[in-house]
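# What follows is a predicted structure for the sequence shown.
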Amino acid sequence: QVQLVESGGGLVQAGGSLRLSCAASGRTFSAYAMAWFRQAPGKEREFVAAIGWGLTTYYANAVEGRFTMSRDNGKNTVYLQMNSLKPEDTAVYYCAADASFRAVRAGTGDYWGQGTLVTVSS
């Protein structure tokens with residue numbers, strides 16, 4: 001079992017930055033691939049970024065070059081550094097984990113956090 005708790009969301013002006021954190025329970029954190037998804041009001045959940053065990057990262061086109069995902073296995077935590085934020089980045093951001101990178105990247109991971117709200121004002 002893995003429990004995920006996101007934090008770091010809030011209100012920021014366009015062009016600003018935020019860093020989200022996702023703290024995971026469990027002793028085998030390093031064995032899980034991790035991902036960030038987001039869901040804006042009235043829209044479907046969408047992939048944002050993912051990171052594998054070898055620290056290779058993957059990003060959605062919409063955030064490539066602005067967002068950076070990283071992980072600290074010693075702290076059982078993944079991060080999402082978000083720069084140059086735009087109003088269209090407004091959403092609830094969710095952290096996901098799965099032993100399968102394919103599953104977590106596809107949004108079918110076994111474990112999900114409760115989400116943290118990011119609001120970007122224009």
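Here it is on my side, so go on.
# Every contact and neighbour count from this point should use C-alpha atoms.
Noted.
# ok, which stretches of this structure are strands?
4-7, 10-13, 18-24, 33-39, 46-51, 57-59, 67-72, 77-82, 91-98, 111-112, 116-121 (DSSP state E).
# what mean pLDDT does the second one have?
Average pLDDT, strand 10-13: 98.
# now that strand, how far from the chain's geometric center?
17 Å (CA atoms, centre = their mean, to the nearest Å).
# Contact partners for the residue most central in space within the chain?
Nearest residue to the geometric centre of the chain (CA atoms, centre = their mean): W36, 2.5 Å. Contacts for W36 (CA atoms under 8 Å, 6 or more residues apart in numbering) come out as 47-50, 80, 93-96.
# Apply 6 Å and report the result again.
Counting by CA atoms under 6 Å, 6 or more residues apart in numbering, W36 makes contact with 48-49, 94-95.
# Give me the distance between it and S30.
Per CA to CA, to the nearest Å, W36 is found 16 Å from S30.
# what's the answer for E88, then?
From E88 over to S30 (counting by CA to CA), the distance is 32 Å.
# Please tell me how far the residue of the chain most remote from its centre sits from Y59.
Distance from the centre of the chain peaks at S122, with 22.5 Å (CA atoms, centre = their mean). Distance of S122 to Y59, given as CA to CA: 24 Å.
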